[in-house]
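# with the input below, show me the fold.
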Amino acid sequence: MDNILGRRIKFLREDKKLSQLDFAKIINVGNTTLSQYENGQRTPSDGIKQKIADYFGVSIDYLLGRENSFSNPKNKDITETYHKVDISNLTEEDVEYIEAMINGIKERRKNIKGKNKDI
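Below is the predicted model:
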């Protein structure tokens, strides 16, 4: 099974630096239930999918893998990136690789800023 829904929920949660416990509380499910969503062992109800999409400012089509770009500008950082890069012919794995690179760059910049505070 592909589990694109679970991978996207996990990506969005981690991008916002939320623990599973914190995000589970936000969407009003148990931590174990959220873990099962992310692992593909369980599928969220339509209502929970809507809560997740609304919280992260993405479409349900994005969560389900029907589109590869965020359609809602609430999630500005990543949305702007996708508007600048044509990802229409990329595989899901390519998009995940790009997302991981973006997160790595953000983390590196955050670490550099933290080190420069002491100088």
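# tell me the SS of Gln36?
helix (DSSP: H, G, I helix; E, B strand; the rest coil).
# how far out from the middle of the chain is the longest helix seen in the chain?
Using DSSP state H to define each element, the chain has its longest helix at helix 92-116. Here the centre of helix 92-116 is set off from its chain's centre by 13 Å, with Cα atoms, centre = their mean, to the nearest Å.
# for that helix, name the packing helices and strands.
Where contact means 3 or more Cβ pairs under 8 Å, 6 or more residues apart in numbering; DSSP states H and E, helix 92-116 is packed against helix 4-15, helix 76-84. Where you see a C-beta, it was placed from the backbone N, CA and C, and this is true even at glycine.
# could you check the angle it makes with helix 4-15?
10 degrees (axes from the mean of the first three to the mean of the last three Cα atoms, to 10 degrees).
# just the buried residues of helix 92-116, please?
Judged by neighbour count (16 or more other Cβ atoms under 10 Å), helix 92-116 contains these buried residues: 95, 98-99.
# can you add pLDDT and give those residues back as a markdown table?
Formatted as a markdown table, the buried residues of helix 92-116 follow (pLDDT from 0 to 100):
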| residue | pLDDT |
| --- | --- |
| Val95 | 77 |
| Ile98 | 82 |
| Glu99 | 80 |
